[in-house]
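just to be clear, the model below is a prediction. Sequence and coordinates:
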Amino acid sequence: MRLEKSKLLPLKKIIIAIDGFSSCGKSTLARQLAAKLDYVFIDSGAMYRAVTLYLIQRGIDHRDAAAVEAVLPQIYIHFERQASGNLTFLNGEAVEQQIRQTQVSDLVSPVATLSAVRRMLVQQQQKLGESKGIIMDGRDIGTVVFPRAELKIFLTATTTTRAERRYLELQQKGTPADIDWVRHNLEERDRIDSTRADSPLRQASDAVVIDNTNLKPEEQLAMVMALARMRIGS
Ligand code: CDP
């Protein structure tokens with residue numbers, strides 16, 4: 001039987017949450033899935049990085065929680081979709097490169113422990129997901145931001161693999177960093193992210209865990225696309 005076009009049901013849109021440790025390829029996977037499914041991709045880490053950059057630019061000490069909270073209403077973050085990927089904007093200025101610099105990477109996890117910062121960003125993230133058709137990566141997406149996401153992935157890989165991948169990525173982008181700093185930075189961020197009181201990084205009980213240490217990007221993508229198709233029902 002052939003269905004007339006007008007009688008075809010629109011495909012169900014879902015939310016895909018990708019969480020995991022630092023530098024385990026969450027954003028790469030999310031970007032690839034978004035392209036395949038024609039979904040919106042949001043890198044929630046870029047939002048925490050943008051807030052951190054703002055505090056650095058203004059000379060605000062992140063240890064002064066009241067001072068940080070006072071400037072939060074002045075921070076406006078948005079993303080623009082480009083062929084090369086999403087660009088992050090902070091108060092109208094493109095900051096995609098700046099937010100990846102070592103200065104920001106060193107401070108972002110302490111900033112992300114602040115409840116006022118998390119409240120503001122989680123609210124924005126939930127708004128972005130209101131009409132579904134979204135893939136968001138981060139640390140608390142499946143547990144706090146979208147606890148009812150239809151598909152939750154928890155990515156992991158060995159520390160050595162993650163450090164090597166991030167080092168190569170920084171080199172390709174022309175951001176100076178040395179491998180020892182990269183490894184130390186990701187171990188330290190994992191420690192802070194997993195032990196903070198507010199929304200610590202943890203695997204949601206209904207997440208699918210994928211260790212991608214020995215997986216090629218295309219193998220990982222095929223696995224997650226199969227899971228996504230089951231949830232979408234196509
Ligand atoms: O790319 P990578 O995995 O190294 O980190 P990111 O996604 O850019 O996130 C930077 C930092 O933001 C993390 O280490 C966390 O401290 C914080 N973050 C968070 O607390 N919650 C999220 N949903 C996303 C990021």
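In hand now; what should we look at?

the ligand contacts on the chain?
Contacts of the chain with the ligand, taken as C-beta under 6 Å from any ligand atom, map to 22-23, 26-27, 44-45, 48-49, 108-109, 112, 138-141, 189, 193. Quick note: C-beta positions are derived from backbone N, CA and C, even for glycine.

I'd like to know which elements whichever strand or helix holds residue 52 is packed against.
Residue 52 belongs to helix 44-58 when assigned by DSSP states H and E. The contact analysis (3 or more C-beta pairs under 8 Å, 6 or more residues apart in numbering; DSSP states H and E) places helix 44-58 against helix 65-71, strand 77-82, strand 85-90, helix 102-111, helix 115-128, strand 134-138.

shaky segments in this protein?
By pLDDT under 70, the low-scoring segments of the chain are 1-10, 234.

quick check, residue 11 in contact with residue 232.
Yes - Residue 11 is within contact range of residue 232, at 6.0 Å (criterion: C-beta atoms under 8 Å).

got the buried residues for the helix holding residue 52?
Buried residues in helix 44-58, counting neighbours by 16 or more other C-beta atoms under 10 Å, are found at 44-56.

what does stretch 61-72 give?
Those would be 62, 68, for stretch 61-72 by 16+ other C-beta under 10 Å.

got the contact list for it?
51-52, 54-55, 58, 60, 107, 110-111, 114, 116-117, 120 (C-beta atoms under 8 Å, 6 or more residues apart in numbering).

now do 7 Å
For stretch 61-72, the external contacting residues (C-beta atoms under 7 Å, 6 or more residues apart in numbering) are 55, 58, 60, 107, 110, 111, 114, 116, 117, 120.
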